[in-house]
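Colleague: Got a sequence here, can you model it:
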Amino acid sequence: MTETSPHSIILGGQRHPILSRLTASVRDVNDHRFLDRLARGDLRNIRFTELCRLVKALGFEQRRISGSHYIFAHPAFPEILNLQQVHGQAKPYQVRQLLRLVERYNLTLEGDQ
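Modeller: The predicted structure follows:
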């Protein structure tokens, strides 16, 4: 089984929409669990790639990468989110900044409205 994009899975040379929907569903559950973990204050050992996926699921768009800085913006408000990784991990203070934005603007995961 190979995965060609986050939304399509190729098995035996053919795209399988049921497996793709299942993968998306599992990803949604994982995003909820991950956000719950962060909300409980467990901010250490956060993989940078997981945090970026969560940020995008909250509606942010990656605007640019400048050196080690990943800059995200949300279409609903003017503030930007600047994330950096250190050895593949997210910086805890930047995770707290994200959580403050989630609370301040009452952000939800896409599909939860």
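Colleague: in this structure, which spans are strands?
Modeller: Taking DSSP state E as the test, the strands found in the chain are 2-5, 8-11, 14-15, 61-66, 69-74, 77-86, 89-90.
Colleague: rank the ones you listed by mean pLDDT and give me the bottom one.
Modeller: The minimum mean pLDDT among these belongs to strand 2-5 (a mean of 43).
Colleague: So Asn82 sits against Ala73, correct?
Modeller: No: the pair Asn82 / Ala73 is not scored as a contact, 10.3 Å apart, by Cβ atoms under 8 Å. From N, CA and C alone the C-beta is placed, and that goes for glycine too.
Colleague: Provide a list of residues in contact with the nearest residue to Gln97 once chain neighbours are set aside.
Modeller: Nearest residue to Gln97, sequence neighbours excluded (Cβ to Cβ, 6 or more residues apart in numbering): Leu81, at 6.7 Å. Each residue near Leu81 by Cβ atoms under 8 Å, 6 or more residues apart in numbering is listed here: 55, 60, 71-74, 94, 97-98, 101.
Colleague: go again using 7 Å as the cut-off
Modeller: Leu81 makes contacts with 55, 60, 72, 97-98, 101, as judged by Cβ atoms under 7 Å, 6 or more residues apart in numbering.
Colleague: How about Tyr70?
Modeller: With contacts defined as Cβ under 7 Å, 6+ apart, Tyr70 is in contact with 52, 62, 83.
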